[in-house]
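> Pasting the sequence and the predicted coordinates here, then a few questions.
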Amino acid sequence: MSTEPRLAEVTEPGPEQQASPDTDQAVKETLEDYTLRFAPRSYRRWTPMVVATTALGGIAYMADFSIGAGIGLAHGTGNALLAILVAAAVIFVTGFPLAYYGARYNIDLDLITRGSGFGYFGSVLTSVIFASFTFIFFALEGSIMAQGLELGLGLPLWLGYLVSTLMVIPLVIYGMSALSKLQVWTTPIWLLLMVAPLVYLVATDPGTVDRFLAYAGTDGEGGVNTAAVLLGAGVCLSLIAQIGEQIDYLRFMPPKTEANKRAWWTAVVMAGPGWVVLGALKQAIGVFLAVYILAEVGPTAAPEPIQQFKGAFDAMMPSWLVLPLAVVLVVISQIKINVTNAYSGSLAWTNSFTRVTGRYPGRMVFVLVNLAFALALMEADMFSFLNSILGFYSNCAIAWVVTVATDIGVNKYLLKLSPHAPEFRRGMLYAVNPVGVVAFVAASGLSIAMYFHALGDTLQPYSPVAAAVIAFALTPLMAVATRGKYYLRRTDDGIAEPILDADGNPSGVTYECHVCRQQFERPDVAACRTHDAVVCSLCLSTDKSGDHVLPAAPAVP
């Protein structure tokens, strides 16, 4: 007879089974937004369109206008538009499988990454990359807001940085429930303020379009240049990690059924990879507005969104209303995106710290850590060297996202070497899977070397292409070389009930964790190694001694 743990009857916990203080705190905090775990069916009460609107509300950031303007002013409109288009295509293609997995299986990008080539601890690497993304872009948006407060209210930049940081703390405490309301109610105002001046300028002065299309850039050449396009695309591709923030919302999608499948797919595509359509449009608008105000404010101020919209509003309304509206637009945009940056960043830091140390200090601790990093970048005037930061960062982000997307699309569906359903629980995964880790480290390392001219000036613009190509090629090669044996540490979690229901959705059957005594749905639990009971994924993460973690492989009968 097999000695493998098998759930039979949940026993009353003895003294040795009581939850630790860390676990108690973790359970209390994570049951609002499921910080470190699967989002259960009982919590996912929003419609697909509400989830999609909330997710898209998070891309109201003004950074796109600055990014597009910076590329356009440097390389000309033609090169900038091509760069934006190339980056958008890559982001859409790689974002689709990730968004689908997040929405279908109700897990965030870190949990997807664990089972898609990285392993339980291997994905700590990418969690840090994602956390870095959130504070870099928080700092960028905070800088833009501070510029608006300086121009509109005369607030010194250093104080504006502090205000833009502190004001999001009350909003980000409450998780998905508060964020959904904030994003839904502010989106119409934001759209009206952004679109109205653009439509007015094009309708009343068609010459602005001709000047925009003819702009040649600071080099004065004006023709399409491959190196310029790739350099610009590299900056735009720094936004590829935005799909992680989209998935932080998409994981709350309701189960996909025959009745809602059209709305479900529409929401997933629109709020998943579809975010880049609006992002690319904003980048192109940034080029347009920068060219429009260039003669008036000069090349240094033209990439600043507050200057761009001040110039646009000035053409269509009384002067006394221009600055207030421009400041309102910038503030609304900053709040909408930076609550998302602070929220998603805190999840990433918490996830990494808890896995590595077995301790859960509380998500709010990492909200403050993330904000401290962002504030330091703002005070260091990161806006002045924005493109350099984003160009470097994009190499790491591209390597990560392409690796995970390739594992899902190729290793899972074509080669069938990677398990089809995602796995994220401790004990079920190896600590490190060489498939994703090797592909990611090689792709990011070589592309960063190229970016810093280590392989010559000629290859430098091609660093983002190298990151994508190397990750795409190495991920299936490593899966074939290892024969897929490092994906699952074991295939049986000791519970007879299937993880997926008849429709392929995560099962809603509930079990009580014998450590924290809370109810959790089937995908979030596994059998305990030492007791005839189940343990939730978070209690497994905080189990420092490993007493509850299942052994590496089923025992031989």
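The structure has been received and is ready for your questions. It should be emphasised that the depicted structure is a prediction, and the values quoted were computed from it without experimental measurement. Residues are numbered from 1 along each chain as shown.
> out of everything not next to it in sequence, what's closest to residue 146?
residue 160 (2.9 Å; C-beta to C-beta, 6 or more residues apart in numbering). Bear in mind the C-beta positions are built from the backbone N, C-alpha and C, glycine included.
> What are the buried residues along the host helix or strand of the one you found?
Under the criterion of DSSP states H and E, residue 160 resides in helix 157-166. By neighbour count on 16 or more other C-beta atoms under 10 Å, the buried set for helix 157-166 is 157, 160, 161, 162, 163, 164, 165.
> would you turn those into TSV with distance to residue 468?
Below are the buried residues of helix 157-166 laid out as TSV (distance: C-beta to C-beta, whole Å):
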residue	distance to residue 468
157	36
160	37
161	34
162	38
163	38
164	33
165	33
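> Next up, the contacts around residue 89.
Under the criterion of C-beta atoms under 8 Å, 6 or more residues apart in numbering, residue 89 has no neighbours.
> Residue 104 and residue 274, how far apart?
From residue 104 over to residue 274 the distance is 16 Å, taken as C-beta to C-beta, to the nearest Å.
> and if you look at residue 468?
20 Å.
> Compare these two and say which is more crowded by neighbours.
residue 468 (25 against 22; other C-beta atoms under 10 Å).
> Contacts for the host helix or strand of that one, please.
Per DSSP H and E, residue 468 falls inside helix 463-482. Helix 463-482 has contacts (C-beta under 8 Å, 6+ apart) with 90, 117, 230, 233-234, 237, 391, 394-396, 398-400, 402-403, 406-407, 410-411, 415, 417-418, 434-436, 438-440, 442-444, 446-448, 450-451, 459.
> give me that answer again for 7 Å
90, 117, 230, 233-234, 237, 394-395, 398-399, 402-403, 406-407, 410-411, 415, 417-418, 434-436, 438-440, 442-444, 446-447, 450-451 (C-beta atoms under 7 Å, 6 or more residues apart in numbering).
> Show the buried residues in those residues.
Applying 16+ other C-beta under 10 Å to these flags 90, 117, 230, 233-234, 237, 394-395, 398-399, 402-403, 406-407, 410-411, 417-418, 434-436, 438-440, 442-444, 446-447, 450-451 as buried.
> could you pull out the strands for this structure?
For the chain, the strands defined by DSSP state E cover 510-512, 519-521, 525-527, 534-536.
> Quick check: which of those is buried the most?
strand 534-536 (a mean of 28; mean count of other C-beta atoms under 10 Å).
> ok, and what's touching that strand?
7, 495, 511, 513-516, 518, 520, 524-528, 548.
> go on, stretch 379-399?
Residues contacting stretch 379-399 (C-beta under 7 Å, 6+ apart): 66, 70, 129, 133, 136, 139-140, 143, 158, 161, 234-235, 237-238, 240-241, 440, 443-444, 447-448, 451, 463-464, 467-468, 471.
> ok, now stretch 56-63?
137, 140-141, 144, 183-184, 186-187, 190, 242, 245, 271, 275, 278-279, 305, 330, 333, 336-337, 340.
> could you pull out the helices for the stretch 351-500 of the chain?
363-379, 386-406, 434-451, 463-482 (DSSP state H, counting those that start in this stretch).
> quick one: the shortest one to helix 386-406, angle?
In terms of direction (axes from the mean of the first three to the mean of the last three C-alpha atoms, to 10 degrees), helix 363-379 departs from helix 386-406 by 140 degrees.
> Okay, buried residues for helix 363-379 please.
363, 366, 367, 369, 370, 371, 373, 374, 375, 377, 378.
> quick check: angle from that helix to helix 157-166?
160 degrees.
> what mean pLDDT does helix 363-379 have?
Taken as a whole, helix 363-379 has an average pLDDT of 86.
> For it, what is the distance to the chain centroid?
17 Å (C-alpha atoms, centre = their mean, to the nearest Å).
> what bits of the chain have low per-residue confidence?
1-33, 35-36, 58, 172-186, 219-222, 383, 386-387, 554-557 (pLDDT under 70).
> ranges for the helices of the stretch 101-250 of the chain?
109-113, 124-153, 157-166, 169-172, 176-204, 207-214, 226-236, 242-250.
> can you redo those as TSV with distance to residue 318?
TSV is the format used below for those (distance: least, C-beta to C-beta, whole Å):
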stretch	distance to residue 318
helix 109-113	46
helix 124-153	16
helix 157-166	26
helix 169-172	32
helix 176-204	14
helix 207-214	21
helix 226-236	36
helix 242-250	37
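> quick one: which of these is nearest residue 74?
helix 226-236 (7.8 Å; C-beta to C-beta).
> what comes into contact with stretch 501-519?
Residues contacting stretch 501-519 (C-beta under 7 Å, 6+ apart): 10, 13, 17, 19, 23, 27, 38, 41-42, 105-106, 255-257, 497-500, 520-523, 525, 528, 531, 533-536, 539, 548.
> Same check on stretch 202-220?
72-77, 79, 201, 222, 287-288, 291-292.
> Now, of the residues you listed, which are buried?
72, 73, 74, 75, 76, 77, 79, 201, 287, 288, 291, 292.
> Nearest spatial neighbour of the fourth one, chain-adjacent residues omitted?
Spatial nearest neighbour of residue 75, chain neighbours left out: residue 228 (4.0 Å); criterion: C-beta to C-beta, 6+ apart.
> now the fifth one
Here the nearest residue to residue 76 in space, its sequence neighbours aside, is residue 217; by C-beta to C-beta, 6+ apart that works out to 3.3 Å.
> what about that neighbour, how many neighbours?
For residue 217, using other C-beta under 10 Å, the count is 19.
> how close does it get to residue 232?
With distances taken as C-beta to C-beta, residue 217 is found 10 Å from residue 232.
> Residues that sit against both of those two, list them.
With C-beta under 7 Å, 6+ apart as the test, residue 217 and residue 232 both reach 75, 79.
> still on that earlier bit, could you export the helices of the stretch 351-500 of the chain as JSON lines, including distance to residue 544?
Listed next are those as JSON lines, based on distance: least, C-beta to C-beta, whole Å:
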{"stretch": "helix 363-379", "distance to residue 544": "19"}
{"stretch": "helix 386-406", "distance to residue 544": "28"}
{"stretch": "helix 434-451", "distance to residue 544": "24"}
{"stretch": "helix 463-482", "distance to residue 544": "30"}
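> what's the closest of those to residue 309?
Closest approach to residue 309 among these (C-beta to C-beta): helix 386-406, 18.1 Å.
> any idea how far residue 336 is from the residue lying closest to residue 105 once chain neighbours are set aside?
Excluding its sequence neighbours, the residue lying closest to residue 105 (C-beta to C-beta, 6+ apart) is residue 422, at 5.3 Å. Using C-beta to C-beta, residue 422 is found at 29 Å from residue 336.
> now do residue 88
21 Å.
> Tell me, how many residues neighbour residue 384?
For residue 384, using other C-beta under 10 Å, the count is 9.
> distance of it from residue 157?
Note on residue 384: its distance to residue 157, by C-beta to C-beta, is 11 Å.
> Point me to the residue sitting closest to the centre of this protein.
Residue closest to the mean C-alpha point of the chain, counted by C-alpha atoms, centre = their mean, is residue 244 at 2.1 Å.
> List the residues that contact that one.
Counted by C-beta under 7 Å, 6+ apart, residue 244 has contacts 109, 130, 344.
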